[in-house]
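Engineer: generate a structure from the sequence data that follows.
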Amino acid sequence: MDANEPREHNAGGWSQFGDTPPSPGAFPGKTPVGPELAPPPPPRRQGFLLTRKAIAGLALAAATALGLTALGGGAVGAYLAAADRPTPTATVSNPSPVFRAVADQLTVAQVAEKVQPSVVMIQGQTAEGSGVVLSDDGLILTNNHVVQGQNALTVKFNDGRTSKASVVGTDPATDLAVIRAEGVKGLTKATLGDSDQVKVGDQVLALGSPLGLDGSVTAGIVSALDRTVTAGGSPGQQQLPPGWSRQGGESETTTLGGMIQTDAAINPGNSGGALVNAAGELIGINSAVSSEGVNLGFAIPVNTAKQVADQLISKGTVTHAFLGVSVADATGDVSGALIRQVTAGSPAEKAGLKQGDVITKIGDTKVDGGDTVVGQVRGFEVGQQVPVTYVRNGETETVTVTMEEKK
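Structural biologist: You can find the predicted model right below:
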């Protein structure tokens, strides 16, 4: 199995920094965010659900996320300092934006109001999801699994307008796609942030159309970074989203690396929607949710999404990096990815990696198993030089691998 291909698994309350709490359900001078609750639409929902094994390594993060939810007591998001609170004197490099009422910062309600026009609902014959506006003339970024197998697409905008849409290009390997809404102009495009600057604990909003409720907003924090998740699996392991294709009795799976984990509620229909920071900048595309009944959601980092979207828009396809190893979860004293085979002439062979080596780190990411290598390689660019740390005969070494284009 190649490191670029999907692989099967083996084996309280609200945050308050001001002096006066807001009234329940509202921020100062703002009405509550989100639509009124309405009966759910017919079951045409789309979104990734993770298998039990796919989140086996996330138990600690799940416990943390659940703890935060219990403290939340149903509050929507966080309320920060009042307008008359002085600006903190402490300074840090590249500070993360936060929700607070000072001169250059926004409240939760203001961020939601700013971002909502850039988030759309996408409807197909058997599925629905969300998308993020990339251009004022109708280019929209979403998940591949939202548009996969859908012959007719309709986009519903925040102002109530609708438009037919066509697919510009899809990339199943990263679960991303770009579509174009027809006959539109003057759309509000999303402001792209820098996902490399995201930190655990940053406050975020998730926007989309969960369960067909368009214009929905949920709030939370970034609860972990650089997660590797495998979405899909056999029907016996998970509920299969409607419209998801089957091959040989099993659903398609894809392994995604570098994912942003959040406790902001993400549900089927949020797929393809926006995860934004407290400045209203897009930092991720909401893509996967846990099937275990815990509050775990995962978003593709915007830097990866932008790289893929640029290629889809310019040429309709995406070039992927190639490492050239077949891997499995390591057993024994060393945790990592066991190299079962090295492709002749591959970047891995050129760098000196051999069968039997155990990869323990790739780039800046610690390797817990084979899926980590698969997911990370998909996020690298052709020509990128990546340090790979491995153990051979009890000795730890590091080599630099230059990624090549997958043929």
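Engineer: and the residue lying closest to Phe380 once chain neighbours are set aside, how close does it get to Val115?
Structural biologist: By the measure of Cβ to Cβ, 6 or more residues apart in numbering, the closest residue to Phe380 outside its immediate chain neighbours is Ala321, 4.1 Å from it. The C-beta positions use only the backbone N, C-alpha and C, and glycine is treated the same way. Between Ala321 and Val115 the distance is 31 Å, computed by Cβ to Cβ, to the nearest Å.
Engineer: got the phi and psi for the closest residue to Gly124 other than its chain neighbours?
Structural biologist: On the basis of Cβ to Cβ, 6+ apart, the spatially nearest residue to Gly124 that is not a chain neighbour turns out to be Gln150, at 3.1 Å. Recorded main-chain torsions at Gln150 are phi -100, psi 120, according to degrees, to the nearest 10.
Engineer: next one: Ile313
Structural biologist: Here Ile313 shows phi and psi, under degrees, to the nearest 10, equal to phi -70, psi -40.
Engineer: partners of the closest residue to it other than its chain neighbours in the sheet?
Structural biologist: What sits nearest to Ile313 in space, not counting adjacent residues and going by Cβ to Cβ, 6+ apart, is Val178, at 5.8 Å. As for beta bridges, Val178 partners with Leu141, Gly169 under DSSP bridges.
Engineer: let me know the pLDDT of Val178.
Structural biologist: Model confidence at Val178, expressed as pLDDT, equals 97.
Engineer: distance check, it against Ala321.
Structural biologist: Between Val178 and Ala321 the computed distance is 20 Å (Cβ to Cβ).
Engineer: who has more neighbours, these two?
Structural biologist: Val178 (26 against 23; other Cβ atoms under 10 Å).
Engineer: isn't the more buried one up against Gly169?
Structural biologist: Yes. Under the criterion of Cβ atoms under 8 Å, Val178 makes contact with Gly169 at 5.6 Å.
Engineer: pLDDT weak spots in the stretch 201-350 of the chain?
Structural biologist: Per-residue confidence of the stretch 201-350 of the chain (counting by pLDDT under 70) places the weak regions at 231-252, 293.
Engineer: mind redoing it with 50?
Structural biologist: The model of the stretch 201-350 of the chain has pLDDT under 50 over residues 233-251.
Engineer: so who does Gly316 touch?
Structural biologist: For Gly316, the residues meeting the contact criterion (Cβ atoms under 8 Å, 6 or more residues apart in numbering) are 168-169.
Engineer: from Lys361, how far out is it?
Structural biologist: For Gly316, the distance to Lys361 - Cβ to Cβ - is 35 Å.
Engineer: next one: Ala299
Structural biologist: Look at Ala299 and Lys361: by Cβ to Cβ, they are 23 Å apart.
Engineer: which of those two has more residues huddled nearby?
Structural biologist: Higher neighbour count among Ala299 and Lys361: Ala299, with 30 against 17, using other Cβ under 10 Å.
Engineer: which SSE is the closest residue to the more buried one other than its chain neighbours in?
Structural biologist: In this structure, Ala299 finds its nearest non-sequential neighbour in Gly284, 3.0 Å apart by Cβ to Cβ, 6+ apart. Counting by DSSP states H and E, the element that carries Gly284 is strand 282-290.
Engineer: packing partners of that strand?
Structural biologist: strand 48-50, strand 128-133, strand 203-208, strand 216-231, strand 254-262, strand 274-277, strand 297-301, helix 302-315 (3 or more Cβ pairs under 8 Å, 6 or more residues apart in numbering; DSSP states H and E).
Engineer: just put these in JSON lines and tack on distance to Val327.
Structural biologist: Below are the helices and strands packed on strand 282-290 laid out as JSON lines (distance: least, Cβ to Cβ, whole Å):
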{"stretch": "strand 48-50", "distance to Val327": "20"}
{"stretch": "strand 128-133", "distance to Val327": "31"}
{"stretch": "strand 203-208", "distance to Val327": "32"}
{"stretch": "strand 216-231", "distance to Val327": "12"}
{"stretch": "strand 254-262", "distance to Val327": "11"}
{"stretch": "strand 274-277", "distance to Val327": "29"}
{"stretch": "strand 297-301", "distance to Val327": "22"}
{"stretch": "helix 302-315", "distance to Val327": "21"}
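Engineer: residues in contact with the nearest residue to Ala278 once chain neighbours are set aside?
Structural biologist: Leaving aside its sequence neighbours, Ala278 sits nearest to Pro97 (Cβ to Cβ, 6+ apart; 4.0 Å). Counting by Cβ under 8 Å, 6+ apart, Pro97 touches 105, 202, 277-279, 281.
Engineer: swap in Ile313?
Structural biologist: The contact partners of Ile313, taken as Cβ under 8 Å, 6+ apart, are 134, 139, 168-169, 178.
Engineer: let's see 10 Å
Structural biologist: Taking Cβ atoms under 10 Å, 6 or more residues apart in numbering as the criterion, Ile313 is in contact with 134-135, 139, 141, 168-169, 178, 180.
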